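K.L.:
I would like the atomic coordinates for the input below:
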Amino acid sequence: MTDVFAPRGIGQPVPRRGDRRFTAPALIAVAHGSRDPRSAATMSAVVAEIAAARPDLDVRLAFLDLSAPSVEHVVEAVAGQGHTHAIVVPLLLGSAFHARVDLPGLLDACRARHPRLRLTQADVLGPDTRLIDALRDRVLDAIGTSTTVSADRVGVAVAAVGSSSSAANARTAAVARRLAAITGWHTEICFATTEPTVHEAVSRLRARGADHILVAPWFLAPGLLTDRLAAAAPDFVHADALGVHRAMVEIVWDRYDAAWAAALPLSA
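P.N.:
Predicted coordinates for the structure are as follows:
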């Protein structure tokens, strides 16, 4: 498959007029970025799956911080290939500071440098029930098909980043409740950077009768914070981060399509 992340002149053909890769908006999928190389590798694999679903479109990966390529670099490459419109989909689980402030600020600066390129920011990934399905699948993978455990004995500590905003943490806690609703498992929320901690979540799960307890990271990719959670609770099985999953492909293209439809001029 063509390297969809390469700038012009490095392995990627220049689109021609009449080619859908030229006439349809490019997709720029923007991930958070991390000092941990596993994070960028995972997001590259995620975006490769997204690109494979619609090979006729120009799909790029960019990062907000700490990883390359940057948003500015990718926008410059897209503009250089002659695109007049790009849909920017934040690969973020929630609509917090990065989606509401950081990314819009970066895109405003890019618009000033590339006035002929229209940049439309789409919605973030969550909340979406398909992401809860992906979280369930990761827990099932961790439980293993060789182990038969009744649902009322399973306890899942859903582990998220955590925020200084109690309202944001309350919204994230809904993820654990939704997982319980579709599985019958006992669930509790915990955070890597604030309370409740993973140990508090485990204690609550035990008090509710769960004796087969796992930690399920509400993270798109592994990194320093998932390592912190693993170090804090080494005696428990930790599911994988969401990573490459069909839900990610479906949701990103849904966000792209909705943003493109909203950007089209209304018919008379």
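
K.L.:
Point out where the protein drops to low pLDDT.
P.N.:
Along the chain, segments meeting pLDDT under 70 span 1-22, 145-147, 266-268.

K.L.:
In it, what residue spans correspond to strands?
P.N.:
Remark: strands of the chain, listed N- to C-terminal, are 26-31, 59-63, 85-90, 118-121, 154-160, 186-191, 212-217, 237-238; assignment by DSSP state E.

K.L.:
right, and those strands - which one's nearest A263?
P.N.:
Across these, A263 has its closest neighbour in strand 118-121 (4.9 Å, CB to CB). Backbone N, C-alpha and C define where each C-beta goes, glycine included.

K.L.:
Counting by contacts, list what the closest one packs against.
P.N.:
Packing contacts for strand 118-121, counted by 3 or more CB pairs under 8 Å, 6 or more residues apart in numbering; DSSP states H and E, involve strand 85-90, helix 103-113, helix 246-263.

K.L.:
ranges for the helices of this protein?
P.N.:
20-23, 37-53, 71-80, 97, 103-113, 129-143, 166-183, 198-207, 224-232, 246-263 (DSSP state H).

K.L.:
T120 touches I87, doesn't it?
P.N.:
Yes: contact criterion CB atoms under 8 Å: T120 and I87 qualify, at 5.2 Å.

K.L.:
Looking at those two, which is more packed in?
P.N.:
I87 (24 against 17; other CB atoms under 10 Å).

K.L.:
Would you confirm that that one contacts A261?
P.N.:
No: using CB under 8 Å, I87 is not in contact with A261, being 10.4 Å away.

K.L.:
Show me this structure divided up by domain.
P.N.:
Domain assignment of the chain by automatic domain parsing yields the ranges 20-125+246-263, 129-219.

K.L.:
And those: which comes nearest H238?
P.N.:
Nearest of the domains of the chain (CB to CB): domain 129-219, 4.6 Å.

K.L.:
Now do the end-to-end distance for stretch 111-124.
P.N.:
With CA to CA, to the nearest Å as the measure, the ends of stretch 111-124 fall 20 Å from one another.

K.L.:
Tell me how far that stretch lies from the chain's centre.
P.N.:
A distance of 20 Å separates the centroid of the chain from that of stretch 111-124, by CA atoms, centre = their mean, to the nearest Å.

K.L.:
Same check on stretch 130-146?
P.N.:
For stretch 130-146, the separation from the chain centroid amounts to 17 Å (computed by CA atoms, centre = their mean).

K.L.:
And for it, what's in contact with it?
P.N.:
Outside stretch 130-146, the residues that touch it by CB atoms under 8 Å, 6 or more residues apart in numbering are 93, 125, 149, 154, 156, 158, 175, 178-179, 182-183, 185, 212, 214, 216-218, 237-242, 245, 247-248, 250-251.

K.L.:
Can you select the buried ones among those residues for me in ChimeraX?
P.N.:
Per 16 or more other CB atoms under 10 Å, the buried members of the contacts of stretch 130-146 correspond to this ChimeraX selection:
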select :93,125,154,156,158,175,178,179,183,185,212,214,216,217,218,238,239,240,241,242,245,247,248,251
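
K.L.:
just to revisit the earlier point, anything in contact with each of T120 and I87?
P.N.:
By the contact definition CB under 8 Å, 6+ apart, T120 and I87 are jointly contacted by 25, 259-260, 263.

K.L.:
Contact partners for D128?
P.N.:
247, 251.

K.L.:
how near is it to E250?
P.N.:
Relative to E250, D128 is positioned 9 Å away (CB to CB, to the nearest Å).

K.L.:
Repeat that for A48.
P.N.:
15 Å.

K.L.:
Name the residues that touch stretch 191-201?
P.N.:
Here stretch 191-201 has contacts from 157-164, 169, 172, 188-190, 204, 215, 225-226, 228-229, 232-233, using CB under 8 Å, 6+ apart.
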